[in-house]
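Asks: Sequence first, then the predicted structure:
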Amino acid sequence: MALIKTCENSSNSNSEGSKSGSWRIGSLIRKKQVDSVHITRRDTHLQLAKKLSVFDLIAMGVGATIGAGVYILVGTVAREHAGPALTISFLIAGIAAALSAFCYAELACRCPSAGSAYHYTYICIGEGVAWLVGWALILEYTIGGAAVARGITPNLALFFGGEDNLPTFLARHTIPIVGIVVDPCAALLVIIVTVLLCIGIKESSSAQMVVTTINVGALLFIITAGGYLGFKTGWAGYKIQSGYFPFGINGMFAGSAIVFFSYIGFDSVTSTAEEVKHPQRDLPLGIAIALSICCILYMLVSVVIVGLVPYNALDPDTPISSAFSSYGVQWAVYIITIGAVTALFASLLGSILPQPRILMAMARDGLLPSFFSDINKNTLVPVKGTVATGIFAAALAFFMDVSQLAGMVSVGTLLAFTTVAVSVLILRYVPPDEMPLPSSLQGSIDSVSLRFGRNIVESDGRISRSPGSCETDGQFLHEKGEIHHPLIFGGTALEKISELTRRKIAAWAITFVCLGILAFASAASVEVLPSILRFTFCGVGGALLLCSLIVLARIKQDNGRHSFGHTGGFACPFVPFLPAACIFINTYLLIDLGAATWIRVSVWLVIGALVYALYGRKHSSLSDAVYVPSAYANEIYLHSSGSLA
Ligand SMILES: NC(=[NH2+])NCCC[C@H](N)C(=O)O
């Protein structure tokens, strides 16, 4: 069984377009192939070192996820939104995060390559959206990393008896005249993390494992010592008059939206896909276990804290250490601070690690300069990209109080979560050409024979042959030179027509699911709109969503069990409902971030669009690449060497 496709067939017009300099919409929607070996004349990619096990992934996931959220947010959210029901808020947010995790797990399994959400979007939606996701992820990882680094300084200062006692080279200073507060400690921490990441992936993951163990140990201390205090003193927090839901169910949901932030970070795991020894088994497992650990820890910590101190008496800045202090356990503050510092350090590592890998994936696709796709021969790490990311994040952490940009960080994440869920729908209903096929049609492809002429397949899978020269049996070729999806090859005329119709209906239904969610979520969260307009939007959006979901539920889908390159693997359950719920939650949270954040993000995205227009679109590998599903590299080799021809 084999299938090969020349990408320039689908992007011929685009490459011509880029040569003539004219703008073609085609470049925005061209897609790359799953798990493909890139065969371009300029390509000489080294692969990253395959060293990570499922334990490394769990440590990476837990480390990247636990951060300021649990140490700080609990105070404000309990005081202002959820009260003692904070625990349920954490559970709801955990379930919402799990929806995204399911989608990530399926895609990580089916398209295991560095690049995470950017990579999946490129395969399923197209180059334009993929570029925007990749560009938005810079917000999440680099700006997010700088913000986390800035948060470490005040915590670290506690060990020196306050910020004033920090050694001069670490203390924050205000630059006179401009009034900028610089933070050398934050910049230093970013540099330390960058050096660690340059040494090697296994070394970085071992360091992450140590730091995360300390951090989880501190949370376990909070749970057990706090539980002991609670049982001894009678859980004052649960005895208050206002009951378990002082702000009602709405308050509890509002709390979930805020604590959702504490679950962000598990997606970092997927960017290491190329470095995992058994990606199809370990990536879904790593994501699931990491997220479950975080959810259980968050819920237990919140049970204890809102039980120890009445929610309205919680300290908004240092809720956990203040709770222990109020019981006279001063020494616990040091353990909690160690926990906070290690959690933030792990979160910093989890933010800086994915960035160079995503830049690398983008550079491999030609959308960024090849500088970023360079892999160091000794450490098998994208050292140049890591150093560039480190310098940028260190400069940001040094000069800027990026905490005001926290909303922008969430946009990057939520945008990625949304496109990943949309990608799962596309993958199931309208799989791109080289995607796994429903088993019923698998047989028809099995009969396809492939000839690859006299190509030379090198040991790393590259094939030295000029683009456009690979052949199929000719039956794939459309008269315009396009290659049809194999679904419509090999069946009867009726099967072909019905398959095409199925795809068309599914594509429209997915579009309407997205539009319906957008209308419904906007109406639900934009309170300034007149109520009649909100009502209409909710009604129309809801109806559209419901109808398209019913249609999708009745359409045949592919569950990915017969994909190229692997059999089995993780399949997201309850499709289309689960990805649709995931799109809904993330869209709601995105709109909820407010106009000011969106104005800032728009500026960033417009800059991104300009970079794409001036560089990425012209240099994209899809303008001149031949792609071969890597699973077939060997087969192609056999054909090319004549043994099976
Ligand atoms: N990659 C990121 N966006 N990292 C930020 C993670 C934030 C983390 N969940 C926290 O509670 O602090």
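Replies: Structure received.

Asks: Residue 576 is in contact with residue 422, isn't it?
Replies: No. Using Cβ atoms under 8 Å, residue 576 is not in contact with residue 422, being 10.8 Å away. Every C-beta, even on glycine, is put in place using the N, C-alpha and C of the backbone.

Asks: Report the mean confidence score over stretch 302-312.
Replies: Mean pLDDT, stretch 302-312: 95.

Asks: Only the buried residues of it, if you could.
Replies: For stretch 302-312, a neighbour-count test (16 or more other Cβ atoms under 10 Å) marks 302, 303, 304, 305, 306, 307, 308, 309, 310, 311 as buried.

Asks: mind listing what the most centrally placed residue in the chain touches?
Replies: The residue lying closest to the centre of the chain (Cα atoms, centre = their mean) is residue 267, at 4.2 Å. Applying Cβ atoms under 8 Å, 6 or more residues apart in numbering, one finds that residue 267 lies in contact with 100, 104, 116, 117, 354, 413, 416, 417.

Asks: how about a cut-off of 6 Å?
Replies: Contacts for residue 267 were tallied using Cβ atoms under 6 Å, 6 or more residues apart in numbering; they are residue 104.

Asks: Next, count neighbours for residue 184.
Replies: Neighbour count of residue 184, defined by other Cβ atoms under 10 Å: 19.

Asks: Next: residue 240.
Replies: A total of 16 residues lie near residue 240 under the criterion other Cβ under 10 Å.

Asks: excluding its backbone neighbours, what's nearest it?
Replies: Once flanking residues are discounted, residue 240 sits nearest to residue 310: 5.0 Å by Cβ to Cβ, 6 or more residues apart in numbering.

Asks: just the strands in the chain please.
Replies: 36-39, 173-175, 180-182, 456-457, 463-464, 626-629 (DSSP state E).

Asks: what's the spacing between the closest residue to residue 106 other than its chain neighbours and the ligand?
Replies: Among residues not flanking residue 106 along the chain, residue 572 sits closest, at 4.2 Å (Cβ to Cβ, 6+ apart). Distance check for residue 572 against the ligand: by Cβ to the nearest ligand atom, to the nearest Å, it reads 22 Å.

Asks: Kindly report the same for residue 297.
Replies: Relative to the ligand, residue 297 is positioned 12 Å away (Cβ to the nearest ligand atom).

Asks: next one: residue 324
Replies: Taken as Cβ to the nearest ligand atom, the span from residue 324 to the ligand is 20 Å.

Asks: if I pick that residue, what's in contact with it?
Replies: Contact analysis of residue 324 by Cβ under 6 Å, 6+ apart lists residue 332.

Asks: do that again at 10 Å, thanks
Replies: 221-222, 225-226, 229, 305, 308-309, 318, 330-333, 335-336 (Cβ atoms under 10 Å, 6 or more residues apart in numbering).

Asks: Quick one: residues contacting the closest residue to residue 144 other than its chain neighbours.
Replies: Nearest residue to residue 144, sequence neighbours excluded (Cβ to Cβ, 6+ apart): residue 409, at 4.1 Å. Neighbour list for residue 409: 136, 139-148, 261, 264, 351, 402-403, 597 [criterion: Cβ under 10 Å, 6+ apart].

Asks: Buried only: go through those residues for me.
Replies: For the contacts of residue 409, buried by 16+ other Cβ under 10 Å: 136, 139-148, 261, 264, 351, 402, 597.

Asks: Give me the subset of those residues that lies in helices.
Replies: Cross-referencing these against helices under DSSP state H gives 136, 144, 145, 146, 147, 148, 351, 597.

Asks: For the closest residue to the third one other than its chain neighbours, which residues are in contact?
Replies: Of all residues not flanking residue 145 in the chain, residue 351 sits nearest, at 3.5 Å (Cβ to Cβ, 6+ apart). Residues in contact with residue 351 (Cβ under 10 Å, 6+ apart) are 64, 67, 140-149, 190, 193, 264-265, 268, 389, 393, 409.

Asks: wait, isn't residue 306 in contact with residue 84?
Replies: Yes. The pair residue 306 / residue 84 is scored as a contact, 4.5 Å apart, by Cβ atoms under 10 Å.

Asks: Please enumerate the shared neighbours of the two.
Replies: 78, 235, 237, 238, 240, 244.

Asks: and which of those is nearest to residue 156?
Replies: Of all the shared contacts of residue 306 and residue 84, the one sitting nearest residue 156 is residue 78; the distance, using Cβ to Cβ, is 25.8 Å.

Asks: From the ligand, how far out is that closest one?
Replies: 16 Å.

Asks: Go ahead and confirm that residue touches residue 303.
Replies: No. Counting by Cβ under 10 Å, residue 303 is not a contact partner of residue 78; they are 11.3 Å apart.

Asks: Find residues that contact each of these two.
Replies: 84, 86, 87, 237.

Asks: Tell me the pLDDT of the first one.
Replies: Spelled out, that is residue 84. On the pLDDT scale, residue 84 gets 95.

Asks: How about residue 337?
Replies: 93.

Asks: Spatially, what comes nearest to it if we skip its sequence neighbours?
Replies: residue 158 is the one closest to residue 337 (Cβ to Cβ, 6+ apart), at 4.9 Å.

Asks: same thing with residue 97?
Replies: Ranked by Cβ to Cβ, 6+ apart and with sequence neighbours excluded, the top spatial neighbour of residue 97 is residue 263, at 3.6 Å.

Asks: Roughly how far does that neighbour sit from the ligand?
Replies: Residue 263 is 6 Å from the ligand, by Cβ to the nearest ligand atom.

Asks: Report pLDDT for the residue nearest to the centre of the chain.
Replies: As predicted, residue 267 sits at a pLDDT of 90.

Asks: Can you tell me how far it is from residue 425?
Replies: 18 Å (Cβ to Cβ, to the nearest Å).

Asks: again, but for residue 294
Replies: 26 Å.

Asks: Okay, helices next: where are they in the stretch 51-200 of the chain?
Replies: Taking DSSP state H, counting those that start in this stretch, the helices of the stretch 51-200 of the chain run over residues 54-65, 68, 74-77, 86-110, 116-124, 127-138, 144-157, 184-199.

Asks: tell me which parts of the stretch 351-500 of the chain are close to the ligand?
Replies: Residues of the stretch 351-500 of the chain that fall close to the ligand, judged by Cβ under 6 Å from any ligand atom: 351, 409, 413.

Asks: Great, nothing more from me.
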